[in-house]
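S.K.: Mind looking at a prediction? Sequence and model below.
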Amino acid sequence: MDDSLPDWVAPTDGEVVAAADHIVAGRRPPTVDECVADIRFADEMMSLPDAPLQFLYDFWLEKAGRDGGLSRREDFEMVALLPAVGNIMILDVEREGLDARYRLYGTLIARSAGKDWTGKTVSEMSAASKTNVALMYRAVYLAAYRTNRPLFTEHRSLPWLGARSWRRLMLPVTLTGTTCDQFIVGNVAVEGRDLSPQQMAQHRRILGEDQSLAH
């Protein structure tokens, strides 16, 4: 097994905007990595494949009509979201949707990801982990920001993380009542796995984290 660090180049803002344009138009961006299995607006799906994601989507729909399609962040208190707690991330919008910063990183997500990214931006997380889905990560947030529509994605995980794939639901919410200011995100690790010694070593080289999080 080749466990050397992968070559990695950050996507440019122009590449993120171009990929988001495709998503907004209902097309798969041709530039996203082949490990991305699905990118769809959740309101075009009959149902979501995981109970925490379906719960969050139904909750968002219940609140969205009050402000012309914008759900208010104040409605999303943790007590109201108990069926999905642990699978929730909250992100602050930055640079008009071109980036976002993790305000909360759910404990179940951190356990499978091997790191709690609270306080970091999506671009910082992508650079540190050298993920091959950095473009997809940023483009879907920009598309959700621009449309105020919930987005669902599914992609295969990096081989040195404790999940084989991830399913995510991005829900735009407002603090001001006029624009998307934050995202409430449901993130579910699909089919956890134990890491080999080589994978654990690669994980430590890239993230420098205690492997107890990765199981």
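M.R.: Happy to help now that I have it.
S.K.: What lies in contact with stretch 19-38?
M.R.: Contacts to stretch 19-38, defined as C-beta atoms under 8 Å, 6 or more residues apart in numbering, come from residues 11, 15, 18, 39, 41, 97, 132-133, 135-136, 138-140, 142-143, 146-147, 151-156, 165. For every residue, glycine as well, the C-beta is placed using N, CA and C.
S.K.: Can you get me the start-to-end distance on that stretch?
M.R.: Chord length of stretch 19-38, first to last residue, is 14 Å (C-alpha to C-alpha, to the nearest Å).
S.K.: Tell me the buried residues in it?
M.R.: Residues 19-20, 22-24, 29, 32, 36 are the ones in stretch 19-38 that count as buried (16 or more other C-beta atoms under 10 Å).
S.K.: What segments of this protein are helices?
M.R.: 13-24, 51-64, 107-113, 122-129, 134-147, 197-207 (DSSP state H).
S.K.: Pick the most deeply packed of those helices.
M.R.: helix 134-147 (a mean of 24; mean count of other C-beta atoms under 10 Å).
S.K.: Packing partners of that helix?
M.R.: Here helix 134-147 touches helix 13-24, strand 36-41, strand 88-94, strand 99-105, helix 122-129, strand 151-156, strand 163-174, going by 3 or more C-beta pairs under 8 Å, 6 or more residues apart in numbering; DSSP states H and E.
S.K.: which stretches of this protein have low pLDDT?
M.R.: The chain contains residues with pLDDT under 70 at 1-6, 65-69, 158-163, 192-215.
S.K.: returning to that earlier point: now the buried residues of stretch 19-38 in JSON lines, please, with extra columns for distance to Val190.
M.R.: Putting the buried residues of stretch 19-38 into JSON lines (distance: C-beta to C-beta, whole Å) gives the following:
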{"residue": "Ala19", "distance to Val190": "23"}
{"residue": "Ala20", "distance to Val190": "25"}
{"residue": "His22", "distance to Val190": "25"}
{"residue": "Ile23", "distance to Val190": "21"}
{"residue": "Val24", "distance to Val190": "26"}
{"residue": "Pro29", "distance to Val190": "22"}
{"residue": "Val32", "distance to Val190": "18"}
{"residue": "Val36", "distance to Val190": "14"}
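S.K.: Relative to Asp116, which of those is nearest.
M.R.: The shortest gap between Asp116 and any of those belongs to Val36, at 24.0 Å (C-beta to C-beta).
S.K.: where's that closest one relative to Thr176, distance?
M.R.: To Thr176, Val36 is 32 Å away according to C-beta to C-beta, to the nearest Å.
S.K.: In TSV: the helices of the chain, plus distance to Leu82.
M.R.: Shown next, in TSV, are the helices of the chain (distance: least, C-beta to C-beta, whole Å):
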stretch	distance to Leu82
helix 13-24	31
helix 51-64	9
helix 107-113	13
helix 122-129	26
helix 134-147	24
helix 197-207	30
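S.K.: Of those, give the one that comes closest to Ile184.
M.R.: For the helices of the chain, the distance to Ile184 is smallest for helix 51-64, at 6.7 Å, taking C-beta to C-beta.
S.K.: Skip the chain neighbours and tell me the closest residue to Ala100.
M.R.: Among residues not flanking Ala100 along the chain, Leu91 sits closest, at 4.0 Å (C-beta to C-beta, 6 or more residues apart in numbering).
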